[in-house]
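Student: the sequence and its predicted three-dimensional model are supplied below.
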Amino acid sequence: MAKKPSSDVVVVLGLGRFGKSLALELMSRGTEVLGIDTDESVVQRVSERLTHAAVADTTDEESLRQLSVHEYDRAVVGIGSNLEASLLTASALINLSVSNIWAKAISNAHAKILNQIGVQHVVRPEHDMGKRVAHLVRGRMMDYIEFDDGFAMVKTSPPTFLIGDRLGESAIRTKYNVTVVAIKRPGEGFTYATAETVISAGDTIIVSGRVGDTERFSELT
């Protein structure tokens, strides 16, 4: 495989459901992908859809070095159910000095160990999606993003008391500890909200703040 600049390629190790989905999504967004899996049949099924695909033992540092994994600065460990393979693969990437590593975890303990051995970014897709859907189900939220530090952004419809007032006069930040950062009028795209913005019925807003504050605000009518 010809060497590419490290910023051009993401290495995805483990092409199961999560790894395959991630790899194909990256490709659709214009990012080149080197996909690696121990199962030849899995690699064959995606080889024509990825920039590069290879069969190799992802836990073996020398095998990864032969694939030039050490020349890239972004890698994702998509292995979840096999805890040993996940940890050994992550460890091999760390030993190869890959600077940005993401890894899938299936439990709190798994996530903790990945963090302890030096993985910078640990994701729990099923857990995170469950939390997100729970937020959407219980209130008026249309979309919900929670960040690691307890901060969230919520897409929702505005409560009645905001309609017809300028945001600068609503004291929303003082009363509810949230900020309206963007607004979408019917038939238009999102635009930044300002102190002069007047909320109308039918608008959609994006609100930012601490998780609990955004939850409470989204439940107001």
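Tutor: It's in. Numbering: from 1, shown residues only.
Student: which of the helices or strands spans the closest residue to residue 195 other than its chain neighbours?
Tutor: With Cβ to Cβ, 6 or more residues apart in numbering as the measure, residue 168 is the residue that lies nearest to residue 195, at 3.1 Å, once sequence neighbours are left out. For the C-beta atoms, the positions are set from N, CA and C on the backbone; glycine is no exception. Secondary structure here is read from DSSP states H and E; on that basis residue 168 sits in helix 167-170.
Student: run through who's touching the helix or strand encompassing residue 152.
Tutor: With the criterion set as DSSP H and E, the secondary-structure element containing residue 152 is strand 151-156. Contacts of strand 151-156 from elsewhere in the structure, counted by Cβ atoms under 8 Å, 6 or more residues apart in numbering, are 135, 139-146, 181, 204-211, 214-215, 217-218.
Student: okay, and which of those map to strands?
Tutor: Among the contacts of strand 151-156, the ones falling in strands (DSSP state E) are 141-146, 181, 204-210.
Student: all helices for this structure, in order.
Tutor: When secondary structure is read from DSSP state H, the chain shows helices at 17-28, 40-46, 61-66, 83-95, 108-117, 125-138, 167-170, 172-176, 211-218.
Student: please convert the ones you listed to CSV, extending it with distance to residue 157 and mean neighbour count.
Tutor: Written out in CSV, the entries for these read as follows (distance: least, Cβ to Cβ, whole Å; neighbours: other Cβ atoms under 10 Å):
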stretch, distance to residue 157, mean neighbour count
helix 17-28, 29, 18
helix 40-46, 40, 14
helix 61-66, 49, 16
helix 83-95, 41, 20
helix 108-117, 34, 15
helix 125-138, 13, 13
helix 167-170, 15, 15
helix 172-176, 15, 14
helix 211-218, 9, 19
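Student: so which of those is nearest residue 198?
Tutor: If you check each of the helices of the chain against residue 198 by Cβ to Cβ, helix 167-170 wins as the nearest, at 7.7 Å.
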